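*Asks:* Only the shape, not the letters, is given here:
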């Protein structure tokens, strides 16, 4: 199983570079230098022989088509640096420290050649992490078949709470996966579900301190829950290589431990713990709402903590026929700069090539070189930014873009939510929109939701969900912008705000629909090209969590202590 998974990952990386080796399917050989033979002339019997034979003109040697130049892979074109406004050594006085082997070191070089390609090559398992892939733009798996443009409840079940932490919170997205049969065989899945043909399993961490496992099709439990015993606010992560490993962060601590957990999905037992109260950290808060990404060929995990530390973890995974071991080796990165409003990272990182992009609690967006653990650029984006950044490779411009939006927190009531498109190569601002938003001590306005970078018939669009607009009685706005110009394509002013991230789903022909949820418990189905609301269904309570979609089924939990399966028809 281990060899199979690693080989598949290597094949995926080779596919990334296939365009450089004769993408037209030819072997690149030289055309023959021998011209085709001239046809033999035929003389009718009643035609006299000419006195002098006509000289035949030889056929010209065909000129071979020139070999097209190889198409460069996007990663080879991406050469990040800084501009004066984002220079870590400039006015922001960015400082960083590295710990490797348990010691603070002046320099670091990762022993593995880190590489993340385009998002479609990240995993073949399903939705394995928050927003699905390394560009943070894939929370839906497969295509959707739509005829009626309706939402219908398939099932629901009840869950619990811990103190004031009820149901499923922000970000709360489930994972949805279909296991390889030779992995499923060794898991503690109930026998009747293990024998089911084509089982697709949903895994959802909740604020009652449990991780639930259930059948996507009918909502029936597939195995006993894992009991972490502390509220889980972020999303769980499944190992994208297909190994039976689950990763989950603690959101709040009522006991002594506070940090990040790794579980075996063979028997549900904890196999590793990362202490969030890290002595290396500049902040003592040990929560992990952020979700990691994996460099699959190199067995490395990259994780960000609310303690302000970025972790590069060599897992040293061993798995064979139901026997699982890991022996993590951890390198750490911490930073400081001006103005540092608050240490910590609640959003999830995006990664391309060997560069990590992440927004933090202080309102800065960072680009960090993971090979050397050094900052490339950093930009002040105004206020606390819990919304995860989204990357987009623009083929026509051969450039990488980054979309980000801040909330209204430190600014106070009436502060500004900034919607921004940045050049991911240097942090330069490409376009921006601003929205005054409300704030109170319980509910921040602005962008808590992660945006959608469109594909299919909305490939030129990016969609943001903005909470608690000032002047609109605390409602929200779902806004679609043109990626290149920043012009508003369509805008829906909604009666209720939302922290839940919108999800785009697409038919086989690329027709788009948007699923978005709000604080009043409504789920909407919206036409991607126009913003037209096609259907609305109530789930009965605030939907802070972000949905995941597999085929035609949407799964999401609510603060009302229920998890739902909803069909798009």
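*Replies:* Thanks, I have it. Source: prediction; values computed, not measured.
*Asks:* When you work out contacts or count neighbours from here on, use the C-alpha atoms and nothing else.
*Replies:* OK.
*Asks:* Low-confidence stretches in the stretch 401-550 of the chain?
*Replies:* By pLDDT under 70, the stretch 401-550 of the chain contains no weakly predicted segment.
*Asks:* Give the full set of residues in contact with the most centrally placed residue in the chain.
*Replies:* The chain has residue 136 as the residue nearest its centroid, 2.1 Å off, counting by CA atoms, centre = their mean. Applying CA atoms under 8 Å, 6 or more residues apart in numbering, we find residue 136 in contact with 130, 350, 388, 389, 390, 391.
*Asks:* Specify the local secondary structure of residue 120.
*Replies:* Under DSSP: H, G, I helix; E, B strand; the rest coil, the three-state class of residue 120 is helix.
*Asks:* ugh, wrong one, I meant residue 199
*Replies:* Residue 199 is classified as coil under three-state DSSP.
*Asks:* Please apply the same query to residue 385.
*Replies:* Quick answer, by three-state DSSP: residue 385 is coil.
*Asks:* quick one: it and residue 409 touch, right?
*Replies:* No. Using CA atoms under 8 Å, residue 385 is not in contact with residue 409; the gap is 9.1 Å.
*Asks:* The two: which has the busier surroundings?
*Replies:* Ranked by neighbour count (other CA atoms under 10 Å), residue 385 and residue 409 place residue 385 first, with 29 against 26.
*Asks:* who's in contact with the residue nearest to the more buried one when sequence neighbours are not counted?
*Replies:* With CA to CA, 6 or more residues apart in numbering as the criterion, residue 385 has its nearest non-adjacent residue at 4.5 Å, and that residue is residue 406. Contacts for residue 406 (CA under 8 Å, 6+ apart) come out as 363, 381-387, 417-419, 446-448.
*Asks:* Give me the phi and psi for residue 406.
*Replies:* Main-chain dihedrals, residue 406, degrees, to the nearest 10: phi -100, psi 160.
*Asks:* can you tell me how far it sits from residue 363?
*Replies:* 7 Å (CA to CA, to the nearest Å).
*Asks:* again with residue 524
*Replies:* Counting by CA to CA - residue 524 and residue 363 are separated by 30 Å.
*Asks:* Quick check on the two: which one has the bigger neighbour count.
*Replies:* Remark: of residue 524 and residue 363, residue 363 carries more neighbours, 26 against 21, as counted by other CA under 10 Å.
*Asks:* quick one: contacts for that one?
*Replies:* Applying CA under 8 Å, 6+ apart, the residues contacting residue 363 are 341, 380, 381, 382, 383, 384, 385, 406.
*Asks:* Can you read off the pLDDT for it?
*Replies:* For residue 363, the pLDDT comes out at 97.
*Asks:* what's the answer for residue 256, then?
*Replies:* 85.
*Asks:* circling back to that earlier point, ok, so of the contacts of residue 363, who is nearest residue 289?
*Replies:* Closest to residue 289 out of those is residue 385 (12.8 Å), distances taken as CA to CA.
*Asks:* residue contacts, that closest one?
*Replies:* With CA under 8 Å, 6+ apart, residue 385 has these contacts: 347, 359, 360, 361, 362, 363, 364, 405, 406, 407, 447, 448.
*Asks:* If we use 6 Å, what do you get?
*Replies:* Residue 385 sits next to 359, 360, 361, 363, 406, 407 when contact means CA atoms under 6 Å, 6 or more residues apart in numbering.
*Asks:* What of residue 253?
*Replies:* Residue 253 neighbours (CA under 6 Å, 6+ apart): none.
*Asks:* ok, 7 Å please
*Replies:* residue 230 (CA atoms under 7 Å, 6 or more residues apart in numbering).
*Asks:* Distance-wise, check it relative to residue 232.
*Replies:* 10 Å.
*Asks:* residue ranges of the strands in the stretch 451-569 of the chain, please?
*Replies:* 452-453, 461-466, 476-482, 488-494, 503-506, 512-517, 522-527, 533-538, 548-550, 553-558, 562-568 (DSSP state E, counting those that start in this stretch).
*Asks:* The stretch 201-350 of the chain now?
*Replies:* 201-205, 210-215, 226-227, 237-238, 245-249, 259-264, 270-275, 293-295, 300-304, 310-314, 318-320, 323-325, 329-336, 350-352.
*Asks:* which one of these lies closest to residue 506?
*Replies:* Nearest of the strands of the stretch 201-350 of the chain (CA to CA): strand 201-205, 20.7 Å.
*Asks:* quick check, distance from the closest one to the centre of its chain.
*Replies:* 17 Å (CA atoms, centre = their mean, to the nearest Å).
*Asks:* and what of stretch 353-366?
*Replies:* With CA atoms, centre = their mean, you get 14 Å for stretch 353-366.
*Asks:* Identify the residues contacting the nearest residue to residue 469 once chain neighbours are set aside.
*Replies:* Among residues not flanking residue 469 along the chain, residue 437 sits closest, at 4.5 Å (CA to CA, 6+ apart). Contacts for residue 437 were tallied using CA under 7 Å, 6+ apart; they are 408, 413, 414, 415, 416, 417, 445, 446, 468, 469, 470.
*Asks:* ok, 6 Å please
*Replies:* Neighbours of residue 437 in contact, by CA under 6 Å, 6+ apart: 414, 415, 445, 446, 468, 469, 470.
*Asks:* Tell me the most packed of those residues, by neighbour count.
*Replies:* Most surrounded of the contacts of residue 437: other CA under 10 Å gives residue 446, at 37 neighbours.
*Asks:* Would you mind measuring from that residue to residue 131?
*Replies:* In terms of CA to CA, residue 446 sits 19 Å off from residue 131.
*Asks:* now swap in residue 465 and tell me
*Replies:* 15 Å.
*Asks:* now swap in residue 72 and tell me
*Replies:* Residue 72 is 27 Å from residue 131, by CA to CA.
*Asks:* Those two: which has the busier surroundings?
*Replies:* Neighbour count, other CA under 10 Å: between residue 72 and residue 131, residue 131 has more, with 29 against 14.
*Asks:* Mind checking what secondary structure the more buried one has?
*Replies:* coil.
*Asks:* Now it: phi and psi?
*Replies:* According to degrees, to the nearest 10, residue 131 has phi 70, psi 10.
*Asks:* Next up, the contacts around it.
*Replies:* Per CA under 6 Å, 6+ apart, neighbours of residue 131: 137, 138, 139.
*Asks:* got a winner among these for most neighbours?
*Replies:* residue 139 (28 neighbours).
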